[in-house]
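Engineer: A structural model of the following input is requested.
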Amino acid sequence: MHTPLPHHPSTPARTLSGQVAIVTGASRGIGRAIALALAEAGAQVVVNYRRSRAEARQVVERCEALGVRALAVAADVSNPGEVKALAQAARTLGTVSILVNNAGVAATGLLLETPLDTWREVIDTHLTGAFLCCRAVLPGMIRQGYGRIVNISSVWGMVGAANEVAYSAAKGGVIAFTKALAKEVARAGVTVNAVAPGAVATDMLSSLQPDEQEAIAAETPVGRIGRPEDVAHAVLYLVSPGSSFVTGQVLSPNGGWVT
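Structural biologist: From the prediction side, this is the model:
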């Protein structure tokens, strides 16, 4: 466990100093915000991406500007060989103690109109990706007796959404996966939790018309759509050394939209 460094009251505590974190799907949106929050807290960050190399490099530069080492590593998290290479690249920074499984794809449409290939891509990216990434880093976490895993789910994984059956099933699976794995590795000093955001201003939400986004904001008790930073703050709490008694839980930053 790492001791926070002295800090000025106006700057965030470097509570993750010396730790190595992998954030999947970190080139933009929620993943980008998480990577930057971890870097600001002192962690060295592996910025995973699948296609957005330029954007990932920009995130790395932002992390390095915060005084930490960072790497951009391309990997499809549904591919076992590429996940193995991702973990090996991360180990050049040290033993991975933080994993945030954020990589995901969206799919909308009626179940009867959902191609099997689309179903498989959604399940493999969200659920198989979390399985493969956890399996790649857990041995090191268990050996050192410390680790923090956060799996990004969704409110639709909690309550389901019409026209998003594949996405809802994948995110619901992530929650069940989280709860089961948490029980499996708790005695090893590894916590496993999920964050299930509500509507957040990312690329996935940009397909909605402005009036549709305004309607969602109006339905949300706090009166606005979420920001990527809202999710990053939740993740930052769950990966902190002080969260050692929190495992197997689902934290849902959704503005009161789903309770």
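Engineer: now stretch 199-213: buried residues?
Structural biologist: For stretch 199-213, a neighbour-count test (16 or more other CB atoms under 10 Å) marks 199-202, 204-205 as buried. Placement of C-beta: from N, CA and C, glycine included.
Engineer: now, which of the residues you listed sits nearest residue 112?
Structural biologist: residue 204 (22.6 Å; CB to CB).
Engineer: surely that closest one and residue 152 touch.
Structural biologist: No - the criterion here is CB atoms under 8 Å, and residue 204 misses it with residue 152 at 11.9 Å.
Engineer: now stretch 92-102, how far from the chain's geometric center?
Structural biologist: 12 Å (CA atoms, centre = their mean, to the nearest Å).
Engineer: what's the end-to-end length of that stretch?
Structural biologist: 22 Å (CA to CA, to the nearest Å).
Engineer: next, count neighbours for the spatially closest residue to residue 145 that is not a sequence neighbour.
Structural biologist: Excluding its sequence neighbours, the residue lying closest to residue 145 (CB to CB, 6 or more residues apart in numbering) is residue 189, at 4.3 Å. Neighbour count of residue 189, defined by other CB atoms under 10 Å: 15.
Engineer: lowest-confidence helix or strand of the chain?
Structural biologist: Least confident element among the helices and strands of the chain, by mean pLDDT, DSSP states H and E: helix 210-219 (a mean of 88).
Engineer: run through the residues that contact residue 197.
Structural biologist: By CB atoms under 8 Å, 6 or more residues apart in numbering, the residues touching residue 197 are 30, 152, 154-155, 226, 230-231, 252-254.
Engineer: closest to residue 134 among those residues?
Structural biologist: residue 152 (13.1 Å).
Engineer: all strands in the stretch 51-200 of the chain, in order from the N-terminus.
Structural biologist: 70-74, 96-101, 147-152, 190-195 (DSSP state E, counting those that start in this stretch).
Engineer: could I get the ones you listed as CSV with mean neighbour count, mean pLDDT and distance to residue 50?
Structural biologist: Shown next, in CSV, are the strands of the stretch 51-200 of the chain (neighbours: other CB atoms under 10 Å; pLDDT from 0 to 100; distance: least, CB to CB, whole Å):
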stretch, mean neighbour count, mean pLDDT, distance to residue 50
strand 70-74, 21, 98, 7
strand 96-101, 28, 98, 14
strand 147-152, 27, 98, 15
strand 190-195, 26, 98, 21
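Engineer: nearest to residue 84, out of the ones you listed?
Structural biologist: That would be, of the strands of the stretch 51-200 of the chain and by CB to CB, strand 70-74, which comes in at 11.6 Å.
Engineer: for the closest one, packing partners?
Structural biologist: strand 44-49, helix 53-65, helix 80-90 (3 or more CB pairs under 8 Å, 6 or more residues apart in numbering; DSSP states H and E).
Engineer: got a list of what the closest residue to residue 17 other than its chain neighbours touches?
Structural biologist: Leaving aside its sequence neighbours, residue 17 sits nearest to residue 42 (CB to CB, 6+ apart; 3.5 Å). With CB under 8 Å, 6+ apart as the criterion, the residues that contact residue 42 are 5, 14-19, 67-68.
Engineer: residue 42: what secondary structure?
Structural biologist: coil (DSSP: H, G, I helix; E, B strand; the rest coil).
Engineer: okay, it and residue 78: tell me how far apart.
Structural biologist: 31 Å (CB to CB, to the nearest Å).
Engineer: cool, residue 165 as well?
Structural biologist: For residue 165 relative to residue 78 (CB to CB), the value is 19 Å.
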